[in-house]
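# generate coordinates for the sequence data below:
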Amino acid sequence: MLNAAYTVGRVFVPVIFIVSGVQKAMDVAGTAKTLAAANISVPEMIVPYLQGIPPYEALTYLTIAVEIICGLMIMTGIAARWGALVLFVFTAAATFYFHNFWQMSGEAATLNQVHALKNLSIMGALLLIVSGGPVGRATYGRSEQ
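Numbering: from 1, shown residues only. Modelled structure (predicted):
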């Protein structure tokens, strides 16, 4: 019963990433502008390898790939731990760059604090997947029988 509940939870957690990735794919230019406005640095040394793609557009494509591919990895249970670990780091970075309520005031601070706390909860779920893998076999210190 617990493995069934874990599997359902594992399927639900990445939905937010997959939907977000698809939405970004439908508005690459808008997402690139958002990334540029957040002052996310793109290392100059990778620019020659982008073959003329603007750096923030390339970062957008990377973001889309991470959200969709890692989300599907978790959802299908194929390398779920790795997908969850990558999305954990991705979510931590997104929280730092986009929901930095500690640098805001008023309603913006309150709204972004809620988003940051939501992301913290998602990160907790991702760590549970990192711990439990695709079928939730984490034993938490007791031997499996």
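# can we go C-alpha only for contacts and neighbour counts from here?
Fine.
# quick check: residue 20 touching residue 67?
Yes. Shown here, residue 20 and residue 67 form a contact pair, counting by Cα atoms under 8 Å, at 7.2 Å.
# so those two - more neighbours on which side?
Neighbours were counted for residue 20 and for residue 67 using other Cα atoms under 10 Å; residue 67 has more, 27 against 16.
# now do the contacts for the more buried one.
The neighbourhood of residue 67, defined by Cα atoms under 8 Å, 6 or more residues apart in numbering, consists of 17-18, 20-21, 87.
# for the helix or strand hosting residue 30, the distance to its chain's centre please.
Taking DSSP states H and E as the definition, one finds residue 30 inside helix 28-37. Taking Cα atoms, centre = their mean, to the nearest Å, one finds the center of helix 28-37 at 17 Å from the center of the full chain.
# which residues touch that helix?
24, 56-57, 59-61.
# helices of this structure, residue ranges please.
According to DSSP state H, the chain carries its helices in the segments 2-12, 15-25, 28-37, 55-65, 71-76, 80-98, 106-132.
# ok so, going back, so which of the contacts of helix 28-37 wins on neighbours?
Neighbours were tallied for each of these (criterion: other Cα under 10 Å), and the maximum of 24 neighbours falls on residue 60.
# now for that residue: which residues touch it?
When contacts are counted by Cα under 8 Å, 6+ apart, residue 60 is found next to 24, 28, 31-32, 35.
# before we move on, what about residue 129?
Here residue 129 is in contact with 10, 80-81, 84, 136 (criterion: Cα under 8 Å, 6+ apart).
# which members of these are the farthest-apart pair?
The most widely separated members of these are 84 and 136, with 12.9 Å between them, by Cα to Cα.
# which of those two has more neighbours?
Under the criterion of other Cα under 10 Å, the comparison of residue 84 against residue 136 puts residue 84 first, with 28 against 18.
# how many other residues sit next to residue 44?
In terms of burial, residue 44 registers 9 neighbours under the definition other Cα under 10 Å.
# re earlier: identify the farthest-apart pair in the contacts of helix 28-37.
In terms of Cα to Cα, the contacts of helix 28-37 reach their longest pairwise distance at 24 and 56, which sit 12.7 Å apart.
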